[in-house]
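Q: test case, fold it:
(one chain, ligands or ions: 1)
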Amino acid sequence: MELYQLTIHELHDMLKKGETTSETITESVLSRIKAVDGKVKAYITVTEEVARAQAREADKRIKAGDTSSPLLGIPIAVKDNMCTDGIKTTCASKILGNFVPPYDATVVRNLKQAGYVLCGKPNMDEFAMGSSTENSGFFITKNPWDLERIPGGSSGGSAAAVAAGECIGALGSDTGGSIRQPASCCGVVGLKPTYGRVSRFGLVAFASSLDQIGPITKDVTDAALLMNIISGHDEKDSTSANIPSPDYTRALKKDVKGMKIGLPKEYFIEGMDPEVEKAVKDAVKMLEGLGAKVVQVSLPHTDYAVATYYILATSEASSNLARYDGVKYGYRTQSPKDLMDMYMKSRAEGFGPEVKRRIMLGTYALSAGYYDAYYKKGQQVRTLIKRDFDEAFKTVDVIATPTAPTAAFKIGEKSSDPLQMYLSDIFTISVNLAGIPGLSLPCGFTSGNLPIGLQLLGKHFDEESILHAAFAYEQATEWHRKRAKL
Ligand code: GLN
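A: Numbers count the residues shown, from 1 in each chain. Just a heads-up that it's a prediction; the model follows:
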């Protein structure tokens, strides 16, 4: 095994025992990036020099006997919509193509305090709008398991980088599935925390009432370790919850005796890939074998989730993206006639087609005369969707579903039909509307050797139960040890 193939906790153990150094690990990851990123195209920016300097710093701390932080000296990739002080943060958009933030996002500050090594800023769908990274304003990231396929999105670069060994772990963001769906496509673990669990300060906003940052890792233990570092109250984010965060590694138990797992009947529908359905059902059987009790539950408003999400998310986006006007930062058109022309041309030239579509949809839903019919109605249905989950969680601890209806699709297969693309989020977006936590982990492969994801959902602020179920399943299987061959 090469160092770049290992997990955060495995490398931390080696560092503690003096079996390797952060500089050696970092060089292993950087040379892996050199070797394969031409094919995978996971990164917008590789921060080689920063990584080397942080690795030297980490090695000094380790030499001085300080090995308490599990992240000390470990190379991590941070999705390009989280601000990194002095390092370009583009959101994969031409409009932010030259944006260098003067401050760190709170999660980045936390990672720094834990002594991480930043290896780069991965690609994504522009402003996190998409499910395939085909909407990146720069280039498409490829799935390491099959370079003709999408890595999922919008955190496709982060998931592909983890799967390809181009980083040890990563951060993604999830507004409607953007951590879990790419994790599922790339055969890695992705956790979207409860809304309010992780600070959004310094995360470039897409839909502020839905956005959450979370880990994308090679296994469940690493997800828990990163959660320990990024979660917690932050004064700089008024929506961050002022409740204590537990030590998530304490939830990693192999025994699920007595745990109640719900299977929502609305999530096993006609038209879903039979291989996906079988893998997920087998995984649930396995959890039953480990002591869990499986019962059927119902989430009756599931049918309305896609429509509700695309009203609310686009409305919030249209408002959030009004700030890109060519004045304060980002792209400005070359020779405008006057101020109005400058605004219009800067936006017309800076935003890509999907972002424009969403700004128009959202502006329409919010406009006088349509607001009650669309935005207000959307908010009401959102409440019904949340109540469905509240009701189901009265009888179960965890809900299990497929993460996505199919494995990774071919590049170009859905890009001409936005509606088809929107439907790839059908199993993930209700979770953001309800604000609950959700995790995706590998549960098998299709006959074409593409990873399949199992999604586990929990009650508000109960990431522990899903980490617990996920860890028990993972320890009883070998999927997480498989690595894409490149
Ligand atoms: N695919 C969904 C969308 O395009 C979700 C994206 C996300 O979670 N950021 O909106």
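Q: got a list of what the residue nearest the centre of the chain touches?
A: Nearest to the mean C-alpha position of the chain, by C-alpha atoms, centre = their mean, lies Ile179 at 2.0 Å. Contact partners of Ile179, counting by C-beta atoms under 8 Å, 6 or more residues apart in numbering, are 155, 172-173, 190-192, 214-216, 440. C-beta here means a position set from N, CA and C on the backbone, and glycine is covered the same way.
Q: distance of it from Val198?
A: According to C-beta to C-beta, to the nearest Å, Ile179 stands 11 Å off from Val198.
Q: quick check on the residue in the stretch 301-450 of the chain positioned nearest to the ligand: phi, psi?
A: Residue nearest to the ligand within the stretch 301-450 of the chain: Asp425 (4.6 Å; C-beta to the nearest ligand atom). Asp425 has phi and psi values of phi -100, psi 10 when expressed as degrees, to the nearest 10.
Q: please verify my assumption that it contacts Arg180.
A: No - counting by C-beta atoms under 8 Å, Asp425 stays clear of Arg180, with 9.6 Å between them.
Q: follow-up on the earlier one: need the residues touching each of Ile179 and Val198.
A: Common neighbours of Ile179 and Val198 (C-beta under 8 Å, 6+ apart) are Gly214.
Q: can you count the residues close to Gly38?
A: By other C-beta atoms under 10 Å, 8 other residues sit near Gly38.
Q: now Phe138
A: Phe138 has 18 nearby residues by other C-beta under 10 Å.
Q: quick one: the strands in this protein, in order.
A: For the chain, applying DSSP state E gives strands covering 43-46, 75-78, 117-122, 169-174, 189-192, 212-217, 260-264, 293-297, 398-402, 438-445, 451-458.
Q: spell out, range by range, the helices that occur in the stretch 301-450 of the chain.
A: With DSSP state H, counting those that start in this stretch as the criterion, the stretch 301-450 of the chain has helices at 305-320, 339-350, 353-366, 377-392, 418-423, 429-434.
Q: about what we covered before: and the residue of the stretch 301-450 of the chain closest to the ligand, what does it touch?
A: 131, 176-177, 181, 306, 309.
Q: near the ligand, from those residues?
A: By C-beta under 6 Å from any ligand atom, the members of the contacts of Asp425 lying near the ligand are 131, 176-177.
Q: turn those residues into JSON lines, including neighbour count.
A: JSON lines is the format used below for the ones next to the ligand among the contacts of Asp425 (neighbours: other C-beta atoms under 10 Å):
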{"residue": "Ser131", "neighbour count": "28"}
{"residue": "Gly176", "neighbour count": "30"}
{"residue": "Gly177", "neighbour count": "32"}
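Q: CA atoms only for the biggest helix by length in the chain, dumped as PDB, please.
A: Taking DSSP state H as the criterion, the chain has its longest helix at helix 22-40. The C-alpha coordinates for helix 22-40 follow below in PDB (Å, rounded to 0.1, in the frame of the first residue of the first chain):
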ATOM      1  CA  SER A  22       3.900  14.400   7.200                       C
ATOM      2  CA  GLU A  23       6.400  15.500   4.600                       C
ATOM      3  CA  THR A  24       6.600  11.900   3.200                       C
ATOM      4  CA  ILE A  25       2.800  11.600   3.200                       C
ATOM      5  CA  THR A  26       2.400  15.000   1.600                       C
ATOM      6  CA  GLU A  27       4.900  14.100  -1.200                       C
ATOM      7  CA  SER A  28       3.100  10.800  -1.700                       C
ATOM      8  CA  VAL A  29      -0.200  12.700  -2.300                       C
ATOM      9  CA  LEU A  30       1.400  15.400  -4.400                       C
ATOM     10  CA  SER A  31       3.100  12.900  -6.700                       C
ATOM     11  CA  ARG A  32      -0.200  10.900  -6.900                       C
ATOM     12  CA  ILE A  33      -1.900  14.200  -8.100                       C
ATOM     13  CA  LYS A  34       0.900  14.600 -10.700                       C
ATOM     14  CA  ALA A  35       0.400  11.100 -11.900                       C
ATOM     15  CA  VAL A  36      -3.400  10.900 -12.200                       C
ATOM     16  CA  ASP A  37      -5.000  14.300 -12.100                       C
ATOM     17  CA  GLY A  38      -4.400  14.800 -15.800                       C
ATOM     18  CA  LYS A  39      -7.000  12.000 -16.200                       C
ATOM     19  CA  VAL A  40      -9.300  12.600 -13.300                       C
END
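Q: many thanks, we can stop here.
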